[in-house]
Each structure stands twice: as structure tokens, then as C-alpha cells.
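Colleague: my questions concern the predicted model and sequence given below.
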Amino acid sequence: MIKNDIFFDSLKNNSIDFFSGVPDSLLKDFCAYLTDNTTSKEHIITANEGAAVAFASGYHLATNKVPLIYLQNSGLGNTINPLLSLADPEVYSIPMIVMVGWRGEPGIQDEPQHRKQGRVQNSILDAIEMPYFKLNNGVNDVSEFVSKTVAKAKEINGPVAIVVSKNTFAPYKLLDDKVSEYALTREEAISFVLDKLSSDDIVVSTTGKPSREVYEYRVHNKEGHQNDFLTVGSMGHSSQIALGVAMNSNRNVFCLDGDGSVIMHMGSLGVIGANAPDNFKHIILNNGAHDSVGGQPTIAFDISIPSIAKACGYNQVFTSSSKDELSNRFQEFLNAKGPSLLEIKVKKGARKDLGRPKSTPAENKKELMKLLTTD
Ligand SMILES: Cc1ncc(C[n+]2csc(CCOP(=O)(O)OP(=O)(O)O)c2C)c(N)n1
């Protein structure tokens, strides 16, 4: 395995000292090392991966230095526009290193939403004519690898990718892994909410562990999965899926969103407010973190998601920081005319033995559509 300090020092030796991106479970050890060894101005987690390309471009404009951005390959799509129309050698020509976590690498078992992405990833890089180098445990001389990559970015004066295989970086634990004071876990909050819903209500849950917890709740309660849409990929888009269902169904639709997800495509809140379906109910499970991929911080405890939603035209917004507050506000939230939003502040973390859906996305879709289209 590659030691984080050796990789980081090699980057430093090549004058790379600006890092931004959206976290990935495969890069979580390196991200944690970055957090412990950089200032808050040198390492910034952005709202989405495209924003990281733009942010890094601004850094380059002001410093003439080469930045590094990092992302899971699921976020590659978010980067394509700014990679091709901003940083590309044929446009503004911004040299940068783009470190991509290779989920779904062929031959390595992964979840359905990662398989095709992993299979076509390098073809996408080829298609956008972005050079890339593979980083895995077969790389013996890390310093030479990093120097070669940075030299390439400078030579073409454009973005160059490093595609990182699973288990490449050695384990690294954040020195000060702050956990918020909120008593409820996300899973407890999800159980609380689902306990209160009726068998007519539709649930659209966000990417990562929240959807796994919704799935496990149904299994545990011996209920079917027909009322749920688990957004296993497409981070940040659950609310628009829910909007599409809500505007075309008479059922109440509950979007169970994450703070990292809602921030990733926050403009969607305005579209919900403008269309204002009264059966749209948005719940933000705010743990101030990208919990599903390692618990890296989001900005969600520094902003007010309910106030933003209100300004976007939601009818009523609520927030709760404890089980008592949640119990007190939930009925009011249920009775409120939509679109309404309830932020539930929770602590980060999940059960070690949290399972994964046993049924496929296609099966899940079929069951849900059967319910929705026979109304
Ligand atoms: C476009 C994209 N970028 C990154 C990821 C990797 N990813 C999966 S879940 C997740 C964190 C989600 O955070 P949040 O919405 O706050 O939910 P939490 O896991 O904290 O409950 C990330 C970054 C992804 N799946 N898709």
C-alpha cells in the first residue's frame, strides 16, 4: 500500500499545495491525511466536482501553480463541462491533477451503480483526450510517479488524471475526528420518520448509507420496498426525482436527503419552490458530513438549509436538534402544505453491520412503478 505521507510529500516536492474536491470512500485515507496536514485555505471540499475544477482554475490564475482536485469516478460527469470548456488546453489551458477514485474497477466486486461507470471510466478519459496514469500497489516509485504526472500536466498545460484503484492508500485515521453533540443517529431519525408515514406515502432517499438504512428498515419491519425509490447513484438528484413523482402523483412524496447531497445541486431547491407541489415533503438528515464516504465535513452546520429553502419558496420549514424537538415538530411538518422542509440534525456514523439492498435497482423501480401507475 502507498503511504499517505510519501504521496503527499512527493506532491509537495512538485510544488503542489492546493487541494479541492468531493470525497470518495476509496480516497478517504488520503483525504483525512490532507485535512491533518494542510491549512483550511489549502484544502477545500467543494459543493460538487465541477466546482472543484473551477475553484482550482481560479487558484491557478492567481498563483500560476498546479492544483490537485479529487473525486470519485461517479463525479466525473460533473467535471466534464469545466474540464472541456474551461481547463482544456484548447480553451484556457489550466494545468491540474485530477485524482479519480476508481469505483467499479473491472474484476473488483462493487455495487450496481458503480459497475458501468468503472468499466467505461478510462474510455471517457480517452474520449475527452485527458491523459491519465494508474495508481495502484504495483507503483513502486511514488515520487517518480508523481513527478511524471505533474510534468505531463505542465507539458500539455492542461488537466491530467490519476486513476486510483481500491486499497491503494494505506489506512489513515483523522487526528481529531469531531462528532457533533446531536443525540440522534441518522438511522434513528430515518426509523422515526418511516414509523410515522402511511402506507400510501412515497419515499425517495438519497445516495449512500441513508438509502441502505431505508432498505434495512423495510426488511426489519417485514415491509416491502414498493413505496421507496433508493437513489443509489446520482448524488444530489433525489429531490428532483421526488419532484417529478410528486408533480405527477396524488400521493405525498417524502424526499430523504443528505446535507452533502442537497448542497451538491442546491439550485434544485428553487425549482421545487417555484413549482410548489403541496404533496412534496423534504427531509434533510443533516450530520454536517459526507458520512457515507468517510465523514469528511460539509458546510451544512455553517449555513441554514431551512432558511435557504424558505427563500426558495418552500411554504414551511422546520428544524430539530433533538429527539424531543423532532417529536414536537413532526406532526406540524406532516400537516404543513408543501413544499415543506424539515431539517433533522443528527450525529455522523452508522452501524458497522449495515447491509446493502439485496434486490436490484431495476426490481426496485418495477415495484414502485407498479404502485404509482395503478393509482
Ligand atoms: C457525483 C458523486 N460524487 C460523489 C459521490 C460519492 N458519495 C457517495 S455518498 C456521498 C456522501 C453523501 O453525503 P450526504 O448527502 O451528506 O449523506 P451522508 O452520507 O452524510 O448521510 C458521497 C460523496 C457520488 N456517489 N456521486
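Modeller: Okay, I see it.

Colleague: is it true that Phe7 lies in a helix?
Modeller: Yes - assessed with DSSP: H, G, I helix; E, B strand; the rest coil, Phe7 lies in a helix.

Colleague: pLDDT wise, what is it at?
Modeller: At Phe7, the model reports a pLDDT of 98.

Colleague: now swap in Thr360 and tell me
Modeller: Note on Thr360: pLDDT of 95.

Colleague: likewise Val179?
Modeller: The score at Val179 is 79. That number is its pLDDT.

Colleague: run through the residues that contact it.
Modeller: If you count contacts by C-beta atoms under 8 Å, 6 or more residues apart in numbering, Val179 has them with 347-349. To be clear about C-beta, it is placed using only N, CA and C from the backbone, and glycine gets the same treatment.

Colleague: could you do Leu34 as well?
Modeller: Counting by C-beta under 8 Å, 6+ apart, Leu34 makes contact with 8, 19, 43.

Colleague: for it, grab phi and psi.
Modeller: Dihedral pair for Leu34: phi -60, psi -50, per degrees, to the nearest 10.

Colleague: now do stretch 334-346, average pLDDT.
Modeller: On average, stretch 334-346 scores 97.

Colleague: then stretch 111-120?
Modeller: 96.

Colleague: out of the contacts of Val179, which end up buried?
Modeller: 347-349 (16 or more other C-beta atoms under 10 Å).

Colleague: quick one: which of those is nearest Thr207?
Modeller: The shortest gap between Thr207 and any of these belongs to Lys348, at 15.6 Å (C-beta to C-beta).

Colleague: contact partners for the closest one?
Modeller: Counting by C-beta under 8 Å, 6+ apart, Lys348 touches 179-180, 186, 287-289, 291, 295.

Colleague: scan the contacts of Leu34 and report the most crowded one.
Modeller: Phe19 (26 neighbours; other C-beta atoms under 10 Å).

Colleague: residue of the chain closest to the ligand, please.
Modeller: Nearest to the ligand in the chain, going by C-beta to the nearest ligand atom, is Gly258, at a distance of 2.1 Å.

Colleague: in helices, which of the contacts of Val179 appear?
Modeller: With DSSP state H as the criterion, helices contain none of the contacts of Val179.

Colleague: can you list those in CSV and add distance to Glu129?
Modeller: Formatted as CSV, the contacts of Val179 follow (distance: C-beta to C-beta, whole Å):
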residue, distance to Glu129
Lys347, 45
Lys348, 39
Gly349, 42
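
Colleague: which residues of the stretch 101-250 of the chain fall in helices?
Modeller: 112-127, 142-156, 186-196, 209-220, 238-246 (DSSP state H, counting those that start in this stretch).

Colleague: save those helices as JSON lines, and put in distance to Glu325 and mean neighbour count too.
Modeller: Shown next, in JSON lines, are the helices of the stretch 101-250 of the chain (distance: least, C-beta to C-beta, whole Å; neighbours: other C-beta atoms under 10 Å):
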{"stretch": "helix 112-127", "distance to Glu325": "34", "mean neighbour count": "16"}
{"stretch": "helix 142-156", "distance to Glu325": "49", "mean neighbour count": "17"}
{"stretch": "helix 186-196", "distance to Glu325": "11", "mean neighbour count": "20"}
{"stretch": "helix 209-220", "distance to Glu325": "20", "mean neighbour count": "21"}
{"stretch": "helix 238-246", "distance to Glu325": "23", "mean neighbour count": "22"}
